[in-house]
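Colleague: please find the sequence and the predicted model below.
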Amino acid sequence: MNHITSNIFFLYSISTKLLLLISAFLLFSGHHTLAKGEVSLHSSASLSTSDTLQKIILSKQNLRERIAEEEKKLKKEKTEARQEAIRTKIQEITSRIQALDRDFERTVSGVDLEGFSTTTENVDWNQELRELLSPIFEEVKKMTARPREMEALRKQMALYQKRINLTGNAIKNMQQHLADNGSEIVQKELNSLILARQQHYDELEARLAVTQQQLAEKEQSKVSIFSSITAVFQDFFKSRGLNFIFALSAFFVIFLLMREIQRLAHKKTRLGRLGEHRSFLLRLSIIVYYLLTFLVALSSFILVLYLSGDWVLLGLALLFLFGVFWTSKHTLPKFWEQAKLLLNISTVREGERIIYQGLPWRVMALNIYTRLHNPDLRGGMIRLPLSDLIGLESRPFHVEEPWFPTKTGDMVELSDGTIGTVALQTPEQVILDTRGGAHKTYTTLAFLGLSPINYSINTFAVSSILGVDYACQADITRKIPDLLHAYIINALKTKEYGEDLIELIVDFKEAADSSLNLFIFGKFSGNQASNYFALSRFLQQAAVDACSAYGWGIPFPQVTLHQPEQSKKSK
């Protein structure tokens with residue numbers, strides 16, 4: 001549950017930051033498009049406002065004259081079809097006059113009055129979803145209004161310029177036909193048509209001048225990218241930013257308050273001391289409390305946004321939560337496994353032994369962050385997310401079962417031939433103090449892979465071989481071993497080794513080529529493991545002293561040459 005909460009915190013903060021970055025990017029895009037999309041303005045772009053207004057008035061007068069002419073034609077026409085065509089033409093000219101009226105008012109006032117329109121575009125959604133999303137769309141449109149308006153003006157200018165060129169070409173062609181044709185009827189019709197097209201040409205130029213004037217005004221009022229981004233952030237924190245901060249504060253206050261209530265309940269009651277003995281119902285109630293904590297905190301967040309009337313942030317929050325819950329259906333099996341772990345009914349249970357990353361651990365407490373403990377390792381308490389335990393298995397352990405083959409200070413021998421004392425062992429590394437005093441470091445798993453022999457646990461043994469001269473052959477099997485045994489016992493008592501001697505064996509081993517060999521075997525307590533090499537040397541030293549004391553000769557290797565009988569006689 002805590003994972004869900006932390007993921008929502010993270011995702012919500014990321015989405016908010018992305019929204020702000022997108023707003024800044026769109027503003028930047030508007031300025032960038034303005035810089036790149038500079039079009040060559042007509043020479044009429046330098047017209048003053050009074051010239052533009054005069055052109056609009058002249059265009060309106062021409063259109064009204066055309067309407068008067070068309071109305072005269074309408075009175076003379078007798079056929080219904082021709083009358084309907086003239087009415088349509090009059091309606092079209094009237095619409096153009098209304099457009100020029102709007103251009104005139106826009107130029108004079110400097111305000112786009114169409115922005116006061118309350119009509120909204122129809123969308124192909126049901127009414128509830130449209131009401132939820134329309135504030136968000138309106139906010140995005142508001143943030144990107146300026147660059148979109150400038151881009152629309154450029155497109156409108158390009159369209160007017162294209163129509164002006166086409167109309168101008170048409171007038172030239174008609175004037176050419178007028179000059180080439182001598183018929184009075186044709187010339188009269190052509191003059192009427194040329195006059196209409198000339199009026200349309202003048203109208204298009206007037207509208208182009210208005211559009212150029214609007215674009216020039218917007219260019220003069222443009223601000224830097226930094227100022228635009230600053231204005232966006234200032235506007236956000238003046239209104240919605242405060243609402244968001246209040247809502248987020250309410251979420252954290254409620255969440256931390258309920259967590260503190262849980263902590264005090266564990267501290268002041270027996271709940272915190274039950275540990276692995278918690279019942280199933282108690283574990284279930286804890287999970288329900290986790291869920292309730294998150295839901296109450298989330299409800300307080302949404303309630304603050306609702307009471308503040310900020311439908312944009314509220315809509316974003318609801319959309320975000322819907323997306324989280326929609327995508328969480330794929331992770332429900334994982335959450336169910338975590339719930340079973342918290343209830344202590346899964347494959348890992350509190351108080352049992354588990355192998356995690358190659359090392360044995362005791363499961364101390366199954367919680368949002370589970371604690372694992374290895375008492376034989378320095379720093380052997382780790383905390384890991386509950387999800388890391390999914391797929392693992394635990395088992396009951398025996399009281400005498402070791403948690404690690406060595407302890408700090410133990411004398412060990414590894415399969416790579418290294419012998420030393422354990423200076424430090426942690427979940428990550430084991431450091432050996434070798435015979436020369438240098439430290440040799442292994443990763444903990446590599447150390448276990450070298451099958452360490454621990455001389456400090458229980459007992460260990462050292463052995464030695466003593467060879468005496470064949471002159472002692474008569475006493476080598478009984479008398480000499482007994483005398484040597486007693487001598488070594490007395491020698492050990494003079495040292496600190498004697499107290500930890502468990503068993504000493506001195507016995508005849510073999511008759512070698514040059515000596516009669518005795519086998520000396522000493523078994524000591526693990527307390528003397530650090531003196532392993534010293535004891536090997538001491539046993540040999542005591543055996544040599546016994547030979548000197550009792551007069552036993554120690555032979556050296558000899559070579560015997562055997563000569564055949566024939567070679568002796570020939571000599």
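Modeller: Arrived safely, thanks for sending.

Colleague: got a pLDDT number for Ser29?
Modeller: Ser29 carries a pLDDT value of 33.

Colleague: buried residues in stretch 533-546?
Modeller: Neighbour counts over stretch 533-546 (16 or more other Cβ atoms under 10 Å) mark Leu535, Phe538, Leu539, Ala542, Ala543, Ala546 as buried. Quick note: C-beta positions are derived from backbone N, CA and C, even for glycine.

Colleague: would you convert these into TSV that also reports pLDDT and distance to Ser249?
Modeller: TSV is the format used below for those (pLDDT from 0 to 100; distance: Cβ to Cβ, whole Å):
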residue	pLDDT	distance to Ser249
Leu535	88	72
Phe538	90	76
Leu539	90	78
Ala542	91	82
Ala543	91	84
Ala546	91	88
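
Colleague: I'd like the average pLDDT over stretch 251-265.
Modeller: For stretch 251-265, the mean confidence score works out to 84.

Colleague: export that stretch to PDB, keeping only CA atoms.
Modeller: Output of stretch 251-265 as PDB, limited to C-alpha atoms (Å, rounded to 0.1, in the frame of the first residue of the first chain):
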ATOM      1  CA  PHE A 251      -3.200  15.400   1.900                       C
ATOM      2  CA  PHE A 252       0.100  15.200   3.800                       C
ATOM      3  CA  VAL A 253      -1.300  16.500   7.100                       C
ATOM      4  CA  ILE A 254      -4.100  13.900   7.100                       C
ATOM      5  CA  PHE A 255      -1.700  11.200   5.900                       C
ATOM      6  CA  LEU A 256       1.000  12.000   8.500                       C
ATOM      7  CA  LEU A 257      -1.600  12.400  11.300                       C
ATOM      8  CA  MET A 258      -3.100   9.000  10.700                       C
ATOM      9  CA  ARG A 259       0.400   7.400  10.500                       C
ATOM     10  CA  GLU A 260       1.300   9.100  13.800                       C
ATOM     11  CA  ILE A 261      -1.800   7.700  15.400                       C
ATOM     12  CA  GLN A 262      -0.700   4.200  14.200                       C
ATOM     13  CA  ARG A 263       2.800   4.800  15.600                       C
ATOM     14  CA  LEU A 264       1.500   5.900  19.000                       C
ATOM     15  CA  ALA A 265      -0.900   2.900  19.100                       C
END
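
Colleague: residues in contact with it: which ones?
Modeller: Thr5, Leu271, Tyr289, Leu292, Thr293, Phe294, Val296, Ala297, Leu298, Ser300, Phe301 (Cβ atoms under 8 Å, 6 or more residues apart in numbering).

Colleague: apply 6 Å and report the result again.
Modeller: Leu271, Thr293, Val296, Ala297, Ser300, Phe301 (Cβ atoms under 6 Å, 6 or more residues apart in numbering).

Colleague: compare those residues and tell me which is most surrounded.
Modeller: Highest neighbour count within the contacts of stretch 251-265, by other Cβ atoms under 10 Å: Phe301, with 25 neighbours.

Colleague: does that residue really touch Phe246, like I thought?
Modeller: No: Phe301 is beyond contact range of Phe246, at 9.5 Å (criterion: Cβ atoms under 6 Å).

Colleague: any idea how far stretch 481-497 is from the chain center?
Modeller: Stretch 481-497 has its C-alpha centroid displaced from the chain centroid by 69 Å (Cα atoms, centre = their mean, to the nearest Å).

Colleague: domains in this protein, by residue range?
Modeller: Recorded structural domains for the chain (assignment: automatic domain parsing) are 2-112+126-235, 239-342, 353-395, 411-454, 459-550.

Colleague: who wins for proximity to Pro402 among these?
Modeller: domain 353-395 (7.1 Å; Cβ to Cβ).

Colleague: low-confidence stretches in the protein?
Modeller: 1-48, 108-145, 182, 221-240, 266, 268-280, 557-571 (pLDDT under 70).

Colleague: strands along that one, start to end?
Modeller: Taking DSSP state E, the strands of the chain run over residues 353-356, 359-365, 369-373, 381-385, 394-395, 411-413, 419-425, 429-434, 439-443, 453-454, 459-468, 501-511, 516-525.

Colleague: can you list those in CSV and add distance to Asp101?
Modeller: Listed next are those as CSV, based on distance: least, Cβ to Cβ, whole Å:
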stretch, distance to Asp101
strand 353-356, 80
strand 359-365, 79
strand 369-373, 71
strand 381-385, 69
strand 394-395, 84
strand 411-413, 100
strand 419-425, 91
strand 429-434, 86
strand 439-443, 85
strand 453-454, 102
strand 459-468, 110
strand 501-511, 118
strand 516-525, 113
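
Colleague: any idea which of the ones you listed is most buried?
Modeller: strand 411-413 (a mean of 21; mean count of other Cβ atoms under 10 Å).

Colleague: what does that strand rub up against?
Modeller: Thr406, Ile419, Thr421, Pro452, Ile453, Asn454, Tyr455, Ser456, Ala529, Ser530.

Colleague: name the strands paired with that strand and say parallel or antiparallel.
Modeller: Strand 411-413 has its sheet partners listed here by DSSP bridges as strand 419-425 (antiparallel), strand 453-454 (antiparallel).

Colleague: not counting its neighbours along the chain, what's nearest Asp410?
Modeller: Ser456 (3.9 Å; Cβ to Cβ, 6 or more residues apart in numbering).

Colleague: which phi and psi does that neighbour have?
Modeller: phi -90, psi -10 (degrees, to the nearest 10).

Colleague: quick check, it in contact with Thr408.
Modeller: No: counting by Cβ under 6 Å, Ser456 stays clear of Thr408, with 10.3 Å between them.

Colleague: these two - which one has more neighbours?
Modeller: Ser456 (21 against 14).

Colleague: residues touching that one, list them.
Modeller: Contacts of Ser456 by Cβ under 6 Å, 6+ apart are Asp410, Met411, Gly526, Ala529.

Colleague: how about JSON lines for those residues, with distance to Leu63 added?
Modeller: Formatted as JSON lines, the contacts of Ser456 follow (distance: Cβ to Cβ, whole Å):
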{"residue": "Asp410", "distance to Leu63": "107"}
{"residue": "Met411", "distance to Leu63": "111"}
{"residue": "Gly526", "distance to Leu63": "114"}
{"residue": "Ala529", "distance to Leu63": "113"}
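
Colleague: which of those residues count as buried?
Modeller: Buried among those (16+ other Cβ under 10 Å): Asp410, Met411, Gly526, Ala529.

Colleague: of these, which is the nearest to Leu166?
Modeller: For those, the nearest to Leu166 is Asp410 (98.6 Å; Cβ to Cβ).

Colleague: separation between that closest one and Gly437?
Modeller: Plainly put, Asp410 is 17 Å away from Gly437 if you go by Cβ to Cβ, to the nearest Å.

Colleague: do the same with Glu217
Modeller: Applying Cβ to Cβ to Glu217 and Gly437 gives a distance of 86 Å.

Colleague: of the two, who's got more company?
Modeller: Set Glu217 next to Gly437 and count neighbours by other Cβ under 10 Å: Glu217 wins out with 13 against 7.

Colleague: circling back: out of the contacts of stretch 251-265, which sit inside helices?
Modeller: Leu271, Thr293, Val296, Ala297, Ser300, Phe301 (DSSP state H).

Colleague: which one of those is nearest Tyr369?
Modeller: Distances from Tyr369 to these, taken by Cβ to Cβ, are shortest for Thr293, at 15.8 Å.

Colleague: which ones are touching that closest one?
Modeller: Listed by Cβ under 6 Å, 6+ apart, the contact partners of Thr293 are Met258.

Colleague: before we move on, what about Trp552?
Modeller: Trp552 touches Val468, Cys472, counting by Cβ under 6 Å, 6+ apart.

Colleague: switch the cut-off to 8 Å
Modeller: For Trp552, the contact set (Cβ under 8 Å, 6+ apart) comprises Val468, Asp469, Cys472, Ile480, Ala546.

Colleague: name the nearest residue to Ala491, ignoring sequence neighbours.
Modeller: Nearest residue to Ala491 in three dimensions, chain neighbours excluded: Ala542, at 4.1 Å (Cβ to Cβ, 6+ apart).

Colleague: likewise for Gln338?
Modeller: Among residues not flanking Gln338 along the chain, Leu386 sits closest, at 5.1 Å (Cβ to Cβ, 6+ apart).
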